Structure formats: structure tokens, C-alpha cells
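>>> Here's a sequence, model it:
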Amino acid sequence: MTDKTAEFIKESYKSGQRKFVDIDIEDGDLSNENLEGIIFDHCILSISFRGTNLRNSKFLNGNIKTCDFEGADLTNAEFRNLAVESTIFKNATTEGIIFEDNGYFGYNLTQKDFIKFKED
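Residues are numbered from 1 along each chain as shown. Model prediction:
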């Protein structure tokens, strides 16, 4: 796992990189960015994605505990095999979202659980 910063993600994305693997970012801020199609695989993230365009993005096999997706566009995004405790999805656009095999305080959340989870 390599420690990186939110600034590293912004600059790499602007340079054309879309897939990020095995990175760890604590207390990052990627609010109001355009990160459409970004992929985070095996990452540990504690980032604010408030208002961010994350259409067609993928969050896979990692930890998004304490991430804030409030007001983000998560249309057709995938969230699979993640730890999601204290993650905020309030007012996010979630049409077509895939939310499977995610852990929440020892409980496995399914697609059906996401709607309730999003509202809490």
C-alpha cells in the first residue's frame, strides 16, 4: 500500500490515468472534481467526494470508511467488496449504481440494503 495525496489523484487523472491500485489516502479532498470513469482497486480511502462527478466509476476490494459522497454523481458507479462504515451518500445521484458484497460493522450489505443505507 502506497501513501498518496488527493492532489496526486487530481494530477494523475488530468494526465489520463484512470485506474489507481493499492493506494492509501487519509483526509483527502476531491470535492467538486470531474473524476468520471475513475477506478480505485484495493485502496484505503478517507476522502471527501462531495459534489464530484463519479459517473461510471468503480470502487473495488478496499476500504471507503469515512468517505463523503454527499451530492456526488454516482450514476452507474460500482461499489464492490468494500468496508463502508461511516460513509455518507446523502443527496448523491445513484441511478444504476451497483452496490454488492460490502461490509458494514460485520454485516454484508446487498443492493437492496443500499437504499436504506443511503438514507441513514
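
>>> which residue is nearest the middle of this protein?
The chain has Phe59 as the residue nearest its centroid, 5.3 Å off, counting by C-alpha atoms, centre = their mean.

>>> which ones are touching that residue?
Phe40, Cys43, Leu45, Ala77, Glu78, Phe79, Arg80, Leu82 (C-beta atoms under 8 Å, 6 or more residues apart in numbering). (Glycine included, C-beta is placed from N, CA and C.)

>>> Test my guess that the last one contacts Cys67.
Meaning Leu82. No. Using C-beta atoms under 8 Å as the test, Leu82 is too far from Cys67 to be in contact (9.5 Å).

>>> Can you check the pLDDT for the residue of the chain positioned farthest from its centre?
Distance to the chain centre peaks in the chain at Ser15, reaching 20.4 Å (criterion: C-alpha atoms, centre = their mean). You'll see Ser15 listed with a pLDDT of 98.

>>> separation between it and Phe8?
With distances taken as C-beta to C-beta, to the nearest Å, Ser15 is found 11 Å from Phe8.

>>> go on, Leu109?
29 Å.

>>> One more: Lys118?
Applying C-beta to C-beta to Lys118 and Phe8 gives a distance of 29 Å.

>>> Please apply the same query to Phe20.
9 Å.

>>> how many neighbours does the closest residue to Gly37 other than its chain neighbours have?
Computed as C-beta to C-beta, 6 or more residues apart in numbering, the closest residue to Gly37 that is not its neighbour in sequence is Asn56, at 4.8 Å. Neighbour count of Asn56, defined by other C-beta atoms under 10 Å: 17.

>>> Any chance of the backbone angles for the residue farthest from the centre of the chain?
phi -90, psi 0 (degrees, to the nearest 10).

>>> got a list of what Ile38 touches?
Per C-beta under 8 Å, 6+ apart, neighbours of Ile38: Ile9, Tyr13, Arg18, Lys19, Phe20, Leu54, Ser57, Lys58.
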